[in-house]
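Asks: Could you work out the structure for the sequence below:
(2 chains)
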Amino acid sequence: MAYLEVQNLRSGYGQIRILHDISFEIERGEFIGIIGPNGAGKTTLLKTLTHIIRPQSGNIFLEGKDIHSMSSAEVAKSFAMVGQGLKPIFSFTAREIVLMGRTPYIGILGQEKKEDLLLVEEVLKATDLRRFADRPIDELSAGERQRVLIAKALAQKPEVLLLDEPTAHLDIGYQIEILDLVKSFKEERGLTIACVLHDLNLASQYCDRIILLHEGIIVDFGPPESILRSDLIEKVFKTSIKVDSSILQGKPLIIPITKR
Amino acid sequence: MRDKPSILIAILMLSALIAAISISLLIGSANIPLSELFSDKFRSILILRLSRMILAATAGASLAVVGAILQGLLKNPLADPYVLGVSSGSGLGAVIAIVLGLRVASFVGLSLPLFAFIGGLITILFVYFLSKKAGRVGVEDILLSGVIVTAMLSGIIMFLVSVAETEGLHSALWWLLGSTQIFDIRLLILVSTISLLGILTSILLARNLNIMSLGEEEAITAGLNVERIKLIFFIIASLLTAAVVSACGMIGFVGLIIPHVARKLIGPDHRRLIPASALIGALFLIICDIAARRIAQPMELPVGVITAIIGGPFFIILLKKARRLRI
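Replies: Numbers count the residues shown, from 1 in each chain, chains lettered A, B, ... in the order given. Have a look, this model is predicted:
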């Protein structure tokens, strides 16, 4: 029995189906990349895993347990999601936002306890956010805000961390910083990571295995070397590429080529 | 970090509230010397002023709390208690009662509020089911349905008011502008009990509004049962608004502005924001009510006129500022 099993998943919005019959298995502690063209269903897949969207059919099992028999709070204790940026309308501080990650442990009538506050301090330290803890989140830079979101997800004490394009809109320095941070959670805390990435070269370097999605179907699932092949990528992304395996220690490096 | 100043602000607010309460008891449209106010001769006037003050405080606190709840829940800083359409429904109920001269036997003083309350609740049910799709209530759908229903019902109110006879017209207009005059002590007890219970429940559940204000998807992934939270706060907001509107008519701007003032003072955490909004809302409406009694003596103005005159410019400043720094 695999750690996370997705069986014949069909999902979408209302009557519209985005994911058609998706099945895959992930082992504990893997760093999984999810790649594919715009509209392939990457975000829909993450949203279905975290109860934001109910699947139209199919099952998701975490350690043999069907997550759709679990309450929202139980799901939140296993899966945390870092969405595509946060636009809060009120000026909460970074610490207040991270503390909201404790929600599944508190219940609708409860209040945070001392342990929750201590855990949040530990998370702020691990994500190097203590300097910004009392600053309103709208005063932070995009990279710092992304770290706050990751810290909030970490405060949820999940087993699986899902990230939806965590490096979008960040400069290359922050892209590496964020993904190094996420990788350290895998190595130090044993978290399982599933991360939607648009940058194929980052996917190549960080992911143990990659899911290639196209039009709601898994085209292929495997280690970077077997997914980031020119025939496969050219067909799915409808563009010419060159692959070089000599620079990134055997990992494929992908260079898109102009059609003209 | 914010704890120390918030204690100071709480003390300041409470003292201001006590001062306003005292002034509102001492000042009325009739000039009664202080030495005689507490004598038996003026007991009925004192009771009248006291009940009026309590109603102003109740209405101010409730409207401000509902404003704070809806701004967080709907993730919209421009939301106020009337976006749900409750007020127009209550307004229609009341105007129907006034224009048709409807009376419920043995509840003569209460029949107007009763009609208003029922009108408000029917409307909110309508808005709720209008915005429900596939078991979920969309936040944008609530706002849109509320606005549409309000526009429709306001049209019907205008129609009824314009065909009404002069006598009914005046009392309907007066009621629509909002007033804290109270004629039945039972109504006061009923409304203040509903408000008190609603405000206390909101404070208990306030933590959930923090994460709701980050957005629905954030709240779901944090394990919150968002449909339940929305339903609970929807019920609280509707009951409080319907109760206040039935007793006082439509007092504008309190519910929109006070939460912003409170947020400036003590930050966005709803656990402090809701009690602070209640306190400041009560204070604000007591002061407006004193002004309504004194400004055009011996005539009395509807308190809704005062809140709109103070609130309008404040709202403009708020909008101007909101463009520079996000609120």
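Asks: use CA for all of it now, contacts and neighbours both
Replies: Noted.
Asks: And for the residue of chain B at minimum distance from chain A, nearest residue in space, chain neighbours not counted?
Replies: As assessed by C-alpha to the nearest C-alpha, chain A sits closest to B:Gly223 within chain B, at 4.0 Å. Closest residue in space to B:Gly223, ignoring its immediate chain neighbours: A:Ala73 at 4.0 Å, by C-alpha to C-alpha, 6 or more residues apart in numbering or on different chains.
Asks: Tell me how many other residues surround the one you found.
Replies: A:Ala73: 20 surrounding residues under other C-alpha atoms under 10 Å in any protein chain shown.
Asks: now the helix or strand in which it is found: mean pLDDT?
Replies: Assigned by DSSP states H and E, A:Ala73 belongs to helix A:72-78. Averaging the model's pLDDT scores along helix A:72-78 yields 92.
Asks: Tell me which other helices or strands it touches.
Replies: helix A:103-106, helix B:216-221 (3 or more C-alpha pairs under 8 Å, 6 or more residues apart in numbering or on different chains; DSSP states H and E).
Asks: swap the cut-off to 7 Å and go again
Replies: Other helices and strands packing on helix A:72-78, by 3 or more C-alpha pairs under 7 Å, 6 or more residues apart in numbering or on different chains; DSSP states H and E, are helix A:103-106.
Asks: And the next helix or strand past the helix it packs on?
Replies: Taking DSSP H and E, what comes next after helix A:103-106 is helix A:114-126.
Asks: and that next one, which residues are buried?
Replies: Buried positions in helix A:114-126, judged by neighbour count with 16 or more other C-alpha atoms under 10 Å in any protein chain shown: A:Asp116, A:Leu117, A:Leu119, A:Val120, A:Glu121, A:Val123, A:Leu124.
Asks: repeat for stretch A:244-257
Replies: For stretch A:244-257, the neighbour count (16+ other C-alpha under 10 Å) marks A:Lys251, A:Pro252, A:Leu253, A:Ile254 as buried.
Asks: go on, stretch A:64-78?
Replies: Applying 16+ other C-alpha under 10 Å to stretch A:64-78 flags A:Ile67, A:His68, A:Ser72, A:Ala73, A:Val75, A:Ala76, A:Lys77, A:Ser78 as buried.
Asks: do stretch A:168-179 as well
Replies: Using 16+ other C-alpha under 10 Å as the test for burial, stretch A:168-179 gives A:Ala168, A:Tyr174, A:Gln175, A:Ile178, A:Leu179.
Asks: and those, which of them are in helices?
Replies: If you go by DSSP state H, those have A:Tyr174, A:Gln175, A:Ile178, A:Leu179 in helices.
Asks: Report the separation between the third one and chain B.
Replies: If I follow you right, that is A:Ile178. Using C-alpha to the nearest C-alpha, to the nearest Å, one gets 20 Å for the distance from A:Ile178 to chain B.
Asks: again with the last one
Replies: Spatial separation of A:Leu179 from chain B under the definition C-alpha to the nearest C-alpha is 21 Å.
Asks: For B:Ser6, give me its contacts.
Replies: Neighbouring residues of B:Ser6 by C-alpha atoms under 7 Å, 6 or more residues apart in numbering or on different chains: B:Ile266.
Asks: on that earlier part again, please, which helix or strand holds the residue of chain B closest to chain A?
Replies: Assessed by DSSP H and E, B:Gly223 sits outside every helix and strand.
Asks: my read: it touches A:Ser78, true?
Replies: No: assessed by C-alpha atoms under 7 Å, B:Gly223 is found out of contact with A:Ser78, at 10.0 Å.
Asks: so what does the helix or strand that comes right after the helix holding A:Ala73 touch, helix or strand wise?
Replies: Next along the chain after helix A:72-78, taking DSSP H and E as the criterion, comes strand A:79-82. Packed against strand A:79-82 by the contact rule (3+ C-alpha pairs under 7 Å, 6+ apart) you find helix A:142-155, strand A:160-164.
Asks: what about 8 Å?
Replies: helix A:142-155, strand A:160-164, helix B:216-221.
Asks: Pull the residues that contact the helix or strand just after it.
Replies: With elements assigned by DSSP H and E, the helix or strand that comes after strand A:79-82 is helix A:94-99. Helix A:94-99 is contacted from outside by A:116-117, A:120, A:124, A:132-137, A:148-149, A:151-153, A:155, using C-alpha atoms under 8 Å, 6 or more residues apart in numbering or on different chains.
Asks: What about chain B: which of the residues you listed touch it?
Replies: A:Asp134 (C-alpha under 8 Å from any C-alpha of the partner chain).
Asks: Give me the buried subset of the contacts of helix A:94-99.
Replies: Here, 16+ other C-alpha under 10 Å leaves A:116-117, A:120, A:124, A:132-133, A:135-137, A:148-149, A:151-153, A:155 buried among those.
Asks: Quick check: pLDDT value at the residue lying closest to A:Val82 once chain neighbours are set aside.
Replies: Sequence neighbours aside, A:Leu163 is the residue nearest to A:Val82 in space, at 4.7 Å (criterion: C-alpha to C-alpha, 6+ apart). Residue-level confidence at A:Leu163 comes out at 95, pLDDT.
Asks: quick one, what contacts B:Ser145?
Replies: By C-alpha under 8 Å, 6+ apart, the contact set of B:Ser145 is B:Leu84, B:Val127, B:Leu130, B:Ser131.
Asks: same question, A:Thr192
Replies: If you count contacts by C-alpha under 8 Å, 6+ apart, then A:Thr192 has A:Glu27, A:Arg28, A:Gly29, A:Glu30, A:Phe31, A:Ile32, A:Glu159, A:Val160, A:Leu161, A:Lys186 around it.
Asks: picking up where we left off before, rebuild the helices and strands packed on strand A:79-82 as TSV, extending it with distance to B:Ser179.
Replies: Below are those laid out as TSV (distance: least, C-alpha to C-alpha, whole Å):
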stretch	distance to B:Ser179
helix A:142-155	46
strand A:160-164	52
helix B:216-221	37
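Asks: Select the longest helix from chain B.
Replies: helix B:43-73.
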